[in-house]
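>>> Quick one, fold the following:
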Amino acid sequence: MKLKRSIIIFPQFGSDINLIQNIRNQYDPLASKIAPHITLVSFVTS
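Numbers count the residues shown, from 1 in each chain. Below you'll find the model as predicted:
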């Protein structure tokens with residue numbers, strides 16, 4: 001059995017948000033759909 005868990009963290013980026021958003025707009029096609037975040041994914045196999 002393979003389980004997958006995801007955690008999405010939405011930190012407060014402060015004044016760096018414009019730089020981060022500009023990079024996301026350039027490389028991330030979903031940048032306009034979800035705020036800047038950190039995603040942690042864990043796969044568990046048994």
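>>> Please, where are all the strands along the chain?
2-9, 38-45 (DSSP state E).
>>> Of all these, which one comes closest to Ser15?
The closest of those to Ser15 is strand 38-45. By Cβ to Cβ, the value is 18.1 Å. The C-beta positions use only the backbone N, C-alpha and C, and glycine is treated the same way.
>>> List the strands paired with the closest one, with their directions.
Strand 38-45 pairs in its sheet with strand 2-9 (antiparallel), by DSSP bridges.
>>> Can you give the distance of the strand it pairs with from its chain's centre?
Chain-centre distance of strand 2-9: 12 Å, with Cα atoms, centre = their mean, to the nearest Å.
>>> close enough to count as contact, Phe10 and Thr39?
No: using Cβ atoms under 8 Å, Phe10 is not in contact with Thr39, being 10.4 Å away.
>>> quick one: low-confidence ranges for the protein?
1, 46 (pLDDT under 70).
>>> Show the contacting residues for the closest residue to Arg5 other than its chain neighbours.
Nearest residue to Arg5, sequence neighbours excluded (Cβ to Cβ, 6 or more residues apart in numbering): Ser42, at 4.7 Å. By Cβ atoms under 8 Å, 6 or more residues apart in numbering, Ser42 lies in contact with Lys4, Arg5, Ser6.
>>> Please name the bridge partners of the first one.
Put plainly, it is Lys4. Beta-bridge partners of Lys4, counted by DSSP bridges, are Phe43.
>>> Quick one: neighbours of it, just the number.
The tally of other residues near Lys4 (other Cβ atoms under 10 Å) stands at 8.
>>> go on, the one 3 residues further on?
Using other Cβ under 10 Å, Ile7 is surrounded by 10 other residues.
>>> wouldn't it be in contact with Leu40 here?
Yes: counting by Cβ under 8 Å, Ile7 touches Leu40, with 4.5 Å between them.
>>> shared neighbours of these two, which are they?
Common neighbours of Ile7 and Leu40, using Cβ under 8 Å, 6+ apart, do not exist here.
>>> can you pull the contacts of Ile17?
Counted by Cβ under 8 Å, 6+ apart, Ile17 has contacts Pro36.
>>> Contacts only, for Ile7.
So Ile7 contacts Thr39, Leu40 (Cβ under 8 Å, 6+ apart).
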